[in-house]
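Student: give me the fold of what follows.
(one chain, ligands or ions: 1)
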Amino acid sequence: MDFYEVVKTRRSYRVFTEDVPEEEKVERILNVARIAPTWANGQPCSYIVVKKPENVKAVWEAVGQAPKFAQAPMFIVGIVSEEASGTNSNGQKYYGVDFGICFEHLLLAATAEGLATCWIGWFNEGKIKSILGIPEDYKVMGITPLGYPVKPKGEITERKPLEEIVHYEKF
Ligand SMILES: Cc1cc2nc3c(=O)[nH]c(=O)nc-3n(C[C@H](O)[C@H](O)[C@H](O)COP(=O)(O)O)c2cc1C
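Tutor: The predicted structure follows:
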């Protein structure tokens, strides 16, 4: 898949087959997140691969969005250290930006591997941290199930047109 096909093919999937993604695919995906750019190359993000059925079940419960989601065979939980990121010249903290870049790299790589993901931002952070033993100074900022789609979705259509979001020279 070339780059443009990957970005048009990535969709949010909430229903998955029972097949567990191959380890080499998962490693390639994580490696793409690893090489993403971050503020001053601070590399503040880490990833927890959750595959043990009891942990997968506990994470689903902490996400708590049933019945919208059906079970996926595994999760990648993304965490970020605010301290390891930085603050820009306007006092804007950059850990959220760093995390967004890294996690989107990860989701696009998964798409390129033919896998299905869904960025989940709504979950009980305290429960996730306790289930997975995540240190206090990390924030859980994104979780994705990882699996194979039951039914691939088509290309993205529901977006604002370019004329609405692009301004030339002045707003
Ligand atoms: C930061 C972020 C958080 C999200 N959180 C959730 C979530 O908690 N639950 C959910 O079902 N989808 C979640 N989504 C998925 C969005 O709803 C989805 O990306 C959007 O509707 C566009 O659809 P698409 O991803 O298929 O193109 C999230 C997406 C992003 C980028």
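Student: can you tell me the closest non-neighbouring residue to the residue of the chain found nearest the ligand?
Tutor: Nearest to the ligand in the chain, going by C-beta to the nearest ligand atom, is residue 121, at a distance of 3.0 Å. The C-beta positions use only the backbone N, C-alpha and C, and glycine is treated the same way. Nearest non-adjacent residue to residue 121, counting by C-beta to C-beta, 6 or more residues apart in numbering: residue 142, 6.2 Å away.
Student: the one you found pairs with what?
Tutor: Beta bridges link residue 142 to residue 78 when assigned by DSSP bridges.
Student: wait, what's in contact with it?
Tutor: 77, 78, 99, 103, 119, 120, 121 (C-beta atoms under 8 Å, 6 or more residues apart in numbering).
Student: returning to what we had before: pLDDT value on the residue of the chain closest to the ligand, please?
Tutor: Residue 121 is assigned 96 on the pLDDT scale.
Student: quick check: it vs residue 38, distance?
Tutor: 19 Å (C-beta to C-beta, to the nearest Å).
Student: these two: who's more crowded?
Tutor: Comparing residue 121 with residue 38 by other C-beta atoms under 10 Å, the one with more neighbours is residue 38, at 20 against 9.
Student: surely that one is in contact with residue 85?
Tutor: Yes - the pair residue 38 / residue 85 is scored as a contact, 6.9 Å apart, by C-beta atoms under 8 Å.
Student: overlap of the contact sets of the two?
Tutor: Common neighbours of residue 38 and residue 85 (C-beta under 8 Å, 6+ apart) are 44, 98.
Student: would you map the strands across the protein?
Tutor: Secondary structure of the chain by DSSP state E: the strands cover 45-50, 74-81, 138-146.
Student: Throw the ones you listed into a markdown table and include mean pLDDT and distance to the ligand, thanks.
Tutor: Below are the strands of the chain laid out as a markdown table (pLDDT from 0 to 100; distance: least, C-beta to the nearest ligand atom, whole Å):
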| stretch | mean pLDDT | distance to the ligand |
| --- | --- | --- |
| strand 45-50 | 98 | 14 |
| strand 74-81 | 98 | 11 |
| strand 138-146 | 98 | 6 |
